[in-house]
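Student: below: sequence and its predicted model.
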Amino acid sequence: MYRESPIIRWRRYPERYRLEGNKCAQCSKIYFPKTYLCECGSKKFLPHQLKPRGKILTYTEIKSSPEEFSEMTPYCVAIIELNEGPKITTQIADCDVSEIKIGDEVEMVFRKFLASGEEGIIHYGFKFKKVEENIVN
Amino acid sequence: MVLRMLQKLNIGIVGFGCYIPKFRIKIEDIAAANNQNVELLKSALLISEKSVPNKDEDAVTIAVEAAKTAIARAEQVSKLLKNNSKTENNISSESNTSNDAVNNFNKTKIGAIYMGSESHPYAVKSSASILGEALGIGNNFTAADLEFACKAGTAALQMISGMVMSGIVEYGLAIGADTSQGAPGDALEYSASAGGAAFIVGTSGKDNAGNEKTAANILYTLSKTTDTPDFWRRNAQKYPTHMGRFTGEEAYFKHVIETTQAMLQETGFKINDFDHIVFHQPNGKFPLTAAKTLCATKEQLKFGIVVHEIGNTYSGSCLLGLTNVLENALPNQRILLTSYGSGSGSDCFVIETTDLLPETQKIGKKLLNHLSNKVYVNYTQYRQMVEMIH
């Protein structure tokens, strides 16, 4: 049975739950996940709440997954580019992979990521889902 | 019988939102798997299909998505009031209204989160605390998970209203959300579904005359509670047990009708004083029958009954009806809402929409958007999906 320390994930709740990255105080470059050294050389950062929208750069369907995701298999994993620049790897929720295209607009959703067995902690976090109707939330 | 009456005109709903999972199963498919007569079931339940949560959804994820819409709408209305106030101040330098006086909504001002559900993911660990973290409202709030069968959501709304009214918190978030349980082959399997609705209670801000404004004022609330053994789920049991026909006359109808009648008597309103009526909807027939007994018309229930295409979302049930009403109502309309939770009790509310309501209707995913965006699953897929959760 897959088990991961709840504490390790707890330290990353702001980014996992809300897509919180950081922004260089000097050159304003936005990072996700957070970084501690900007490419401009600055070490001064401000927390930055990323806007929860982006587009698919590339994707694949996982049919043979790591044990912790076996119950969700098959599922789609994509690299997406957020509207504010950072690129992230994420699962695409509620999707039929045959209907996914490069360039599709996606929005963040809060989903169950995995559970450590019947007794362990439930890990939540972001996934993205295809924007079906262009409604700003 | 316990009766409580609350009244204050200047608090109410400033934001609301709902979420319904994308997947649906048709009643035909469940009936075929159970060798049941589908036409008989459909005419008895007046449900054609029900929502099914994906394997990575639960009551908390549903609540988060509903609350995001509620927050977005509350922020929209507050922004509008602030802009109006600025314009007024620019036009008249003698105005007494200053921007400082505008009491704008900001999600970090939410001081309480109460979430009602029959399917909290943990027996011990708060769903509401996960919500607070996911919504990014900070840590200065009180939170609790509520359970009272299908009325835990309205219990949350009532408690939040009390806290806002008393001034303990400026804004509160009340949620009813469920991934409802129904055993394979049981009557509940045809109705138990998933969805939820969220409401932010407080004031949107002040208008130019200095009056506190909301999208819909909560005028009255009143409850009735009895110890009635119609439906229950023991600790660690997967599925609930119910008493079949006993869940009707002595349970649902007695509580919904008597609580509504008590509200009418206490407030002096007549049933035809309401533009919209919402009752708890475990199926399509029960709210229609209750409405008939109370002499309400089908026109009054037009937006309030949403069970036909969603199923019974337990704690989210009548709150989804209220959301649909608020998404379609006009300003200055009166709404009557009566919930029902087995075990048993009903909470009744009188709500009046304001001229700010149309602003909330301009943004956010509506219940109709969720209804139109759907994918059907077969019975095997459905069982796999719900087994992951229950």
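Tutor: All right, it came through fine.

Student: residues of chain B that sit close to chain A?
Tutor: Applying Cβ under 8 Å from any Cβ of the partner chain, one finds that chain B approaches chain A through B:22-23, B:54-58, B:60-61, B:64-65, B:68-69, B:72, B:121-122, B:130, B:133-136, B:363-365, B:369, B:373, B:375, B:388. To be clear about C-beta, it is placed using only N, CA and C from the backbone, and glycine gets the same treatment.

Student: pull the residues that contact stretch B:120-130.
Tutor: The list of residues contacting stretch B:120-130 from outside it, by Cβ atoms under 8 Å, 6 or more residues apart in numbering or on different chains, reads A:112, A:122, A:124, B:58-60, B:63-64, B:113-115, B:117, B:143-145, B:147, B:175, B:235-236.

Student: put the alpha carbons of it into CSV.
Tutor: Only the C-alpha atoms of stretch B:120-130 are listed here, as CSV (Å, rounded to 0.1, in the frame of the first residue of the first chain):
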residue,chain,number,x,y,z
HIS,B,120,-17.8,14.0,5.1
PRO,B,121,-14.7,12.1,3.8
TYR,B,122,-13.4,11.7,7.4
ALA,B,123,-15.1,10.5,10.5
VAL,B,124,-12.6,12.6,12.4
LYS,B,125,-11.0,15.5,10.7
SER,B,126,-12.8,18.6,9.6
SER,B,127,-14.1,19.0,6.0
ALA,B,128,-14.6,22.8,6.7
SER,B,129,-10.9,23.3,7.5
ILE,B,130,-9.9,21.8,4.2
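
Student: who are the packing partners of the helix or strand hosting residue B:221?
Tutor: Residue B:221 is part of strand B:216-225 when elements are defined by DSSP states H and E. Strand B:216-225 makes packing contacts with strand B:12-19, helix B:152-166, helix B:254-267, strand B:345-353 when contacts are defined by 3 or more Cβ pairs under 8 Å, 6 or more residues apart in numbering or on different chains; DSSP states H and E.

Student: so which of the ones you listed is nearest residue B:359?
Tutor: Ranking the helices and strands packed on strand B:216-225 by proximity to residue B:359 (Cβ to Cβ) places strand B:12-19 first, at 10.5 Å.

Student: re the thing from before, out of the contacts of stretch B:120-130, which sit inside strands?
Tutor: Counting by DSSP state E, the contacts of stretch B:120-130 place A:112, A:122, A:124, B:113-115, B:143-145, B:175 in strands.

Student: can you select the buried ones from those in ChimeraX?
Tutor: In ChimeraX, this line selects whichever of the ones in strands among the contacts of stretch B:120-130 come out buried by 16 or more other Cβ atoms under 10 Å in any protein chain shown:
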select /A:112,122,124 /B:113,114,115,143,145,175
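
Student: what's the neighbour count on residue B:26?
Tutor: Around residue B:26 there are 19 other residues, counting by other Cβ atoms under 10 Å in any protein chain shown.

Student: beta partners for it?
Tutor: In this structure, residue B:26 bridges to residue B:49 when assessed by DSSP bridges.

Student: just checking, it touches residue B:52?
Tutor: No. In terms of Cβ atoms under 8 Å, residue B:26 does not count as a neighbour of residue B:52; the distance is 10.7 Å.

Student: so can I have TSV of the ones in strands among the contacts of stretch B:120-130 showing pLDDT and distance to residue B:272?
Tutor: TSV is the format used below for the ones in strands among the contacts of stretch B:120-130 (pLDDT from 0 to 100; distance: Cβ to Cβ, whole Å):
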residue	pLDDT	distance to residue B:272
A:112	94	46
A:122	94	48
A:124	96	46
B:113	98	37
B:114	98	33
B:115	98	35
B:143	98	40
B:144	98	38
B:145	98	38
B:175	98	32
